[in-house]
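*Asks:* got a predicted model here, sequence first, then my questions.
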Amino acid sequence: MQDTIRQAIIEVLQELDIDGVDFVVEHPADLSHGDYACNVAMAAAKKLGKNPRELAETIVEKLEGKIECVEKMDVAGPGFINFFLTRDFFKEEVERALKLGDDWGKNTEEKGETVLIEYTSPNLFKPLHVGNLVGNIIGESLTRLYEFAGADVKRMNYPSDIGLPVAKAVWGLQKTGNDPTDIISLGEAYRTGNAAYEAGGAEKDEIVFINQKLYAGSDEELSALRIAGIKTSKDRINELCAMLGTHFDTEIFESEASGPGADIVRDNTGDLFEESEGAVVYSGEKSGLHTRVFLNSKGLPTYEAKDVGHFTLKNAAYPNWTQSIIVTGGEQAEYFKVVFSALKELFPQIGNRTLEHIPTGFLALTTGKMSSRSGNVLTGESLLEELVVSAHKRAEESRSDDVDALTQEVAVAALKYQILRHGVGSNIIFDKEKSLSFEGDSGPYLQYTHARILSVLDKVTEAGVDKLPVVLPQEPYVLEKVLYRFPEVISDARTERAPQKVVTYLTELASMYNSFYAAEKIADPSDEFAPYKAALSQAVAQTLKNGLWVLGIKAPEKM
């Protein structure tokens, strides 16, 4: 409907010989001001030097009868045009939601696109970092938004299994004798190695030497420790990703990308890359960027060179890709500008295809650090562990037939909601108590509202409320005036890289439904509007379910 109104306005502007006007069609904050509002008259009047209100009245006159489902229009304030939709429009949207079911909210805006979305990409040999956890949650939601738009999406993971951090962990395993099959022991070994490296001296030199041996694969004992650590780390990450509802179509390890990346950089040294103080660098100044090292002074590839190799492997796996998106920390924004610049020079066949970095922010707690098996250190694992413990208490009080499954679903909902409610790239303040609340702004609140509606619908059936004939109240419920916006919200959330728009919308919808539930009798056979109220309730439940799916959150049937 938003696009229909916009197109009708464009056609009227053409009739009036007015072009080049930038205007918006949006929902007014106050529902009494209509279902849509447009500033076209004010935007055009400023350009033409005319009275905006008079121009608005002219536009309204020419729009009369041209937009199906618009019952009336009026001019407000300095020249806003307000649009009021027909009663039947809202009924038809409720019916459409019920007919489409799990497809409600989907569109075809990205049909034909092959989109590679890379996210999580953890450093192995230690518990999952909270930053990787945030990246996983944002990346999974963006992936689902693209799937809802008809794209062929490939989920990609790029774990770091080689390099200095791994060498620090392997050195730490040697010195501590820690068990490489235990993820917590791996984390402790890494911290031991990192502290030794930061202290400098002979121990730092030992770690640098181990790093060289690991790259070369020249020491069986060191390589065996590395391989054992990789398996332990990957097994644990797979468990966490399964809990979070994530799977990957393709995993490319940093060690796989290392050799090809180094070879490409060497082959292009003297042309695209240049030697500088024993290292090989890419000069980004020519593109308004900065210089970065691609091969260090020992000839080993840096992250930059590995990303070149990584790109070639992704391209080989999916040569027909049209968009390549990487979700990782916002502090890497300038890094990726340089890497993308180098890639476009190395591979001109990229052409107009999209290379995009989507930043994530830092996560901090409102009340100190959470305790965990690994000590008072905030990791992605410890954060999720603490939520699972607290969620179990809530789940035991529910009507669920599977308390353990509900526990995980509530914990994941609590975590994802609190992260996704913030704008992508924004820093996140995580409030554990608020995240698990069944009231107000939280994932469990949305889950509870969905379960409540299903319970209401069970009571409707038990009460013998007839589904037909459906008698409509004369005026649409306020709930209807929000329900129909769901497909628009989904579309905007993808194009703006803004899952928080889905969070905000679902929270508003749930709040409105709970007010509707408090004010209306739904399971009442004597109420002629009861069948329609039940249909509307079912449409809201479907919308909550689909919206939660986009966020990577399950919608339990009982709570």
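*Replies:* In hand now; what should we look at? Owing to the predicted nature of the structure, the values given are computational and were not obtained by experimental measurement. Numbering: from 1, shown residues only.
*Asks:* can you count the residues close to Glu508?
*Replies:* By the criterion of other Cβ atoms under 10 Å, Glu508 has 13 neighbours. For glycine as for every other residue, the C-beta is placed from the backbone atoms N, C-alpha and C.
*Asks:* mind pulling up the pLDDT for it?
*Replies:* Glu508 is assigned 97 on the pLDDT scale.
*Asks:* determine how far stretch 524-532 lies from the middle of the whole chain.
*Replies:* Here stretch 524-532 shows a centroid-to-chain-centroid distance of 40 Å under the convention Cα atoms, centre = their mean, to the nearest Å.
*Asks:* any chance you could map the strands in the protein?
*Replies:* In the chain, the segments counted as strands under DSSP state E are 25-26, 36-38, 70-76, 80-85, 114-118, 152-157, 250-251, 274-276, 279-282, 292-295, 323-329, 354-360, 363-365, 428-430.
*Asks:* in terms of mean pLDDT, which of those ranks lowest?
*Replies:* strand 363-365 (a mean of 88).
*Asks:* and it, what does it pack against?
*Replies:* On a contact count with 3 or more Cβ pairs under 8 Å, 6 or more residues apart in numbering; DSSP states H and E, strand 363-365 meets helix 130-148, strand 428-430.
*Asks:* okay, now the domains of this protein?
*Replies:* The chain breaks down into these domains under automatic domain parsing: 2-85, 160-230.
*Asks:* just to revisit the earlier point, go through the helices and strands packed on strand 363-365 and pick out the most buried.
*Replies:* helix 130-148 (a mean of 24; mean count of other Cβ atoms under 10 Å).
*Asks:* now it: how far from the chain's centre is it?
*Replies:* Worked out by Cα atoms, centre = their mean, helix 130-148 lies 4 Å from the chain centre.
*Asks:* save the domains of the chain as CSV, and put in distance to Gln418 and mean neighbour count too.
*Replies:* Formatted as CSV, the domains of the chain follow (distance: least, Cβ to Cβ, whole Å; neighbours: other Cβ atoms under 10 Å):
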stretch, distance to Gln418, mean neighbour count
domain 2-85, 25, 16
domain 160-230, 24, 18
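*Asks:* angle of the lengthiest helix in the chain against strand 152-157?
*Replies:* Secondary structure assigned by DSSP state H gives helix 220-244 as the longest helix of the chain. For helix 220-244 against strand 152-157, the angle by axes from the mean of the first three to the mean of the last three Cα atoms, to 10 degrees is 130 degrees.
*Asks:* who are the packing partners of helix 220-244?
*Replies:* Using 3+ Cβ pairs under 8 Å, 6+ apart, helix 220-244 sits against helix 130-148, helix 164-176, helix 183-199, helix 202-216, helix 380-396, helix 403-420.
*Asks:* what sits up against the shortest one?
*Replies:* What that stands for is helix 164-176. With contact meaning Cβ atoms under 8 Å, 6 or more residues apart in numbering, helix 164-176 is reached by 123-126, 160, 178, 180, 185-186, 188-194, 196-197, 203, 206-208, 210-211, 214, 222, 225-226, 229.
*Asks:* if we use 6 Å, what do you get?
*Replies:* Helix 164-176 has contacts (Cβ atoms under 6 Å, 6 or more residues apart in numbering) with 123, 125, 180, 189-190, 192-194, 197, 207, 210-211, 214, 222, 225-226.
*Asks:* and the furthest pair within the residues you listed?
*Replies:* Pro180 and Tyr197 (18.9 Å; Cβ to Cβ).
*Asks:* tell me the spacing between the closest residue to Trp549 other than its chain neighbours and Glu397.
*Replies:* Leaving aside its sequence neighbours, Trp549 sits nearest to Arg144 (Cβ to Cβ, 6 or more residues apart in numbering; 6.7 Å). Separation of Arg144 from Glu397 (Cβ to Cβ, to the nearest Å) stands at 30 Å.
*Asks:* what's the answer for Ala539, then?
*Replies:* 29 Å.
*Asks:* what of Ala463?
*Replies:* To Glu397, Ala463 is 27 Å away according to Cβ to Cβ.
*Asks:* swap in Val471?
*Replies:* On the measure of Cβ to Cβ, Val471 and Glu397 end up 39 Å apart.
*Asks:* quick one: low-confidence parts of the chain?
*Replies:* Residue ranges of the chain with pLDDT under 70: 367-377.
*Asks:* hmm, back to that, Ala539 and Glu397: which is more packed in?
*Replies:* Taking other Cβ under 10 Å, Ala539 and Glu397 do not tie; Ala539 has more neighbours (25 against 10).
*Asks:* Val40 and Glu11 touch, don't they?
*Replies:* No. Here Val40 does not reach Glu11: they are 12.0 Å apart, not a contact under Cβ atoms under 6 Å.
*Asks:* returning to that earlier point: Leu295: which of the domains of the chain is closest?
*Replies:* Nearest to Leu295 among the domains of the chain is domain 160-230; the distance by Cβ to Cβ comes to 12.0 Å.
*Asks:* span of that closest one from start to end?
*Replies:* 9 Å (Cα to Cα, to the nearest Å).
*Asks:* now stretch 428-435
*Replies:* Using Cα to Cα, the two ends of stretch 428-435 sit 13 Å apart.
*Asks:* need the contact list for Glu140.
*Replies:* 246, 552.
*Asks:* before we move on, the earlier item: dump the helices and strands packed on strand 363-365 to CSV, plus distance to Ala279.
*Replies:* Converted to CSV, the helices and strands packed on strand 363-365 look like this (distance: least, Cβ to Cβ, whole Å):
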stretch, distance to Ala279
helix 130-148, 27
strand 428-430, 36
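*Asks:* out of the ones you listed, which comes closest to Asp404?
*Replies:* Across those, closest to Asp404 is helix 130-148 (Cβ to Cβ), at 21.4 Å.
*Asks:* what inclination does the closest one have with respect to helix 380-396?
*Replies:* Going by the same axes, to 10 degrees, helix 130-148 makes 70 degrees with helix 380-396.
*Asks:* how about the CA coordinates for helix 130-148, as PDB?
*Replies:* Extracted in PDB, the C-alpha atoms of helix 130-148 (Å, rounded to 0.1, in the frame of the first residue of the first chain):
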ATOM      1  CA  VAL A 130      31.100 -12.200  23.400                       C
ATOM      2  CA  GLY A 131      31.800 -10.200  20.300                       C
ATOM      3  CA  ASN A 132      31.500 -13.300  18.100                       C
ATOM      4  CA  LEU A 133      28.200 -14.100  19.900                       C
ATOM      5  CA  VAL A 134      26.800 -10.600  19.000                       C
ATOM      6  CA  GLY A 135      28.000 -11.100  15.500                       C
ATOM      7  CA  ASN A 136      26.300 -14.500  15.300                       C
ATOM      8  CA  ILE A 137      23.000 -13.100  16.500                       C
ATOM      9  CA  ILE A 138      23.000 -10.100  14.100                       C
ATOM     10  CA  GLY A 139      24.300 -12.100  11.200                       C
ATOM     11  CA  GLU A 140      21.600 -14.800  11.600                       C
ATOM     12  CA  SER A 141      18.800 -12.200  11.700                       C
ATOM     13  CA  LEU A 142      20.100 -10.500   8.600                       C
ATOM     14  CA  THR A 143      20.400 -13.800   6.900                       C
ATOM     15  CA  ARG A 144      16.700 -14.600   7.700                       C
ATOM     16  CA  LEU A 145      15.700 -11.100   6.500                       C
ATOM     17  CA  TYR A 146      17.300 -11.900   3.100                       C
ATOM     18  CA  GLU A 147      15.700 -15.300   3.000                       C
ATOM     19  CA  PHE A 148      12.300 -13.600   3.600                       C
END
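*Asks:* measure Leu387 to Leu415 for me?
*Replies:* Look at Leu387 and Leu415: by Cβ to Cβ, they are 6 Å apart.
*Asks:* cool, thanks, signing off.
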